[in-house]
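Asks: compute the structure for the input listed below.
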Amino acid sequence: MNTTPPAATPVADPPGLLRALYAAAVSRALPADVTAAHLPAPPDPTVGRTLVLGAGKAGGAMAAAVDALWPAAAPLSGLVVTRYDHVPPAYRAKPGRIEVVEARHPVPDEAGRRAAQRIVDLTRGLTPDDLVLCLISGGGSALLSLPAPGLAFEDKQAINSALLHSGAAIDEMNTVRKHLSAIKGGRLAALCAPARLLTLLISDVPGDDPSVIASGPTVPDASTCADALAILARYGIALPAAARAGLESGAFETPKPGDACFAGHAVRLIATPQQSLEAAAALARSHGLAAHILSDQVEGESREVGKVHAALARAVARHGQPPSAPFTRPCVILSGGETTVTVRGSSGRGGRASEFLLGCAIALQGQPGVWGLSADTDGIDGIEHNAGALITPDTLARAAALGLKPSDFLDRHDAFSFFEALGDLLVSGPTFTNVNDFRALLVL
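Replies: Residues are numbered from 1 along each chain as shown. Model prediction:
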C-alpha cells in the first residue's frame, strides 16, 4: 500500500461532494426541466387529438411534464407505464390528463402486460390529423411487455430473467426482447399509423441508439431474428418451442429501416448520459477540481470495470502526474454507460453499481486520497432500495475491523450487504429519470 500522504485537499467533505456530483447528473436529466423545448404545437382540436403513450422508469415524470406544459384548452389523453413507486408524488396525489400505471422491473409482471395491451388498444382509430406523443425511457423493455403472437407470457418472463443473469450487453438483450414482442422493435409505430408520431427519448444506453432504448418501440430495427437466435445460443439460453419457431421462420421479424410505417415520424433525445456527466464535471470544476469524463459508453463486467477505474485512480494518486499530463490531482474522474453482472453460483444482494464499486475498492487497496461513488441515476441499483454506494480511503480497513472479507462478498454478488454493514450505501429513492450508471472517483 502506498503510504505517501495525499496532497492538501481543497475539498472539506469528499463524500458530500461526490453526492452533489451525483445530484447534478440526475438534475440535468429531469423531465420537468428538459421537455419544453421539444414539444410541438397541438393539432387543430376541431379535427385532431393528442394521444400520449409511453413506458420507462422516467415515464411518470415525463407524463407529468407534458401534462403541465400542454395547453389547458388543448385535448390531451393517454397512458404511460412506469416502474412501481416511480410516479412523482405530486402527480400521484393529483393525477392529470395522462394516466400513469405501474408495473414490475426488471422482470415483467401481469400489470405490465395489461398496460401494454391497453396501449395497443388506444392506437385503434387514429387518423392523419391526430398526434401521438410517445414518451420512452430506460426500463421500457420490461415495462412494455406484450408477447409476440403464440408466445406465452410466462415464457417471455423466463427468457427475460435468463438474459438478466447471463452477462449479455443491453443491446444484445434488447435485440432478443424486441423480436419476442408484439409492441417493441418498431411495432408500436406501425400501430400508430396513420397518425403523426413524435417520440421523446431519455437515453439510458451506450451510444444513445433509439432502437436500443426500451427496445425501440417506435423506431426501425436493423437487427434480425437470426441475430436474436445467435445471442440466445451464445449465452446458452433455452427457448420454448413457440419462441424458436417464430424466430427460425422469421414470423417474429421487426419493421426495418425504410418501412412506410415510419414515414413522417420524428425522434428527439431530450436527455442523455453525456449531458449528465457534463453537468457533474461543471460542478466539480466550480470547486476548483480538474474533471475528466472517460466515456458515457463504458460497458463490461462490473467488477472488471471497477478494477480498471481503480488502476487509473491509483496511478494519478501515487505518481503525482506532472502539470503537462492529462490527469493531475486534485481531480474527478467520471464515467457512465451500462456495465453487467454475470451471476455465477449463488447470488446475494446488490446491483451493477455497487458491484463495480466493491471491485474498485478491492483494487484500490486502501489507496490514500481516493474516494468514489457509483450509482444508478434512476435511484435504484438492481432490485434493492439503494442507488449505489460510496468508498473512502479507509473502506477496506473499516471492513477488516468488522471481520468482513470483501472478496467473499464480491464472489457471491453481495455488494449491497457489504456496503450496508459499513453504512456506505447511497440511498436517494426513485429519481424519476434514468440516464444509467454514474461513476465518480475523487483523487486528492
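
Asks: point out where this protein drops to low pLDDT.
Replies: Residue ranges of the chain with pLDDT under 70: 1-10, 320-325, 345-346.

Asks: how's it carved up into domains?
Replies: Domains of the chain are assigned by automatic domain parsing as 14-27+274-443, 31-146+181-220+255-271.

Asks: now the end-to-end length of the shortest one.
Replies: Looking at domain 31-146+181-220+255-271, the gap from its leading to its trailing residue is 8 Å under the measure CA to CA, to the nearest Å.

Asks: would you list the domains of the chain in a markdown table and tack on mean neighbour count?
Replies: Backbone N, C-alpha and C define where each C-beta goes, glycine included. Formatted as a markdown table, those follow (neighbours: other CB atoms under 10 Å):
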| stretch | mean neighbour count |
| --- | --- |
| domain 14-27+274-443 | 21 |
| domain 31-146+181-220+255-271 | 21 |
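
Asks: make JSON lines out of these and add distance to F153.
Replies: Conversion of these to JSON lines gives the following (distance: least, CB to CB, whole Å):
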{"stretch": "domain 14-27+274-443", "distance to F153": "20"}
{"stretch": "domain 31-146+181-220+255-271", "distance to F153": "6"}
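
Asks: out of those, which comes closest to Y235?
Replies: domain 14-27+274-443 (9.3 Å; CB to CB).

Asks: which SS state does L79 fall under?
Replies: strand (DSSP: H, G, I helix; E, B strand; the rest coil).

Asks: the closest residue to it other than its chain neighbours and L426, how far apart?
Replies: Leaving aside its chain neighbours, L79 sits nearest to E99 (4.9 Å; criterion: CB to CB, 6 or more residues apart in numbering). Plainly put, E99 is 32 Å away from L426 if you go by CB to CB, to the nearest Å.

Asks: hey, what's S181 bridged with?
Replies: Taking DSSP bridges as the rule, S181 bridges to P147.

Asks: so what's it up against?
Replies: 144-148, 187, 215 (CB atoms under 8 Å, 6 or more residues apart in numbering).

Asks: how does it look with 10 Å?
Replies: 116, 141, 144-148, 151, 156, 174, 187-188, 215, 217, 252, 254 (CB atoms under 10 Å, 6 or more residues apart in numbering).

Asks: again with D221
Replies: 174-175, 178-179, 184-187, 211-212, 215, 227, 253-257, 259.

Asks: let's go with 8 Å and repeat that
Replies: Counted by CB under 8 Å, 6+ apart, D221 has contacts 178, 185-186, 211, 254-256.

Asks: skipping adjacent residues, who's closest to P71 in space?
Replies: P71 sits nearest to P42 (CB to CB, 6+ apart), 6.1 Å away.

Asks: likewise for D381?
Replies: Per CB to CB, 6+ apart, closest to D381 is G351, 3.4 Å.

Asks: what about the one you found, distance to T339?
Replies: Distance from G351 to T339, by CB to CB: 10 Å.

Asks: where along the stretch 301-444 of the chain do the strands fall?
Replies: Here the stretch 301-444 of the chain has its strands, by DSSP state E, counting those that start in this stretch, at 331-337, 370-376, 388-391, 425-426, 437-443.

Asks: bridging residues for the spatially closest residue to R196 that is not a sequence neighbour?
Replies: Excluding the flanking residues, the one nearest R196 by CB to CB, 6+ apart is L131, at 5.1 Å. In this entry, L131 is beta-bridged to T50, R196, by DSSP bridges.

Asks: so T342 sits right up against S166, yeah?
Replies: Yes: contact criterion CB atoms under 8 Å: T342 and S166 qualify, at 6.8 Å.
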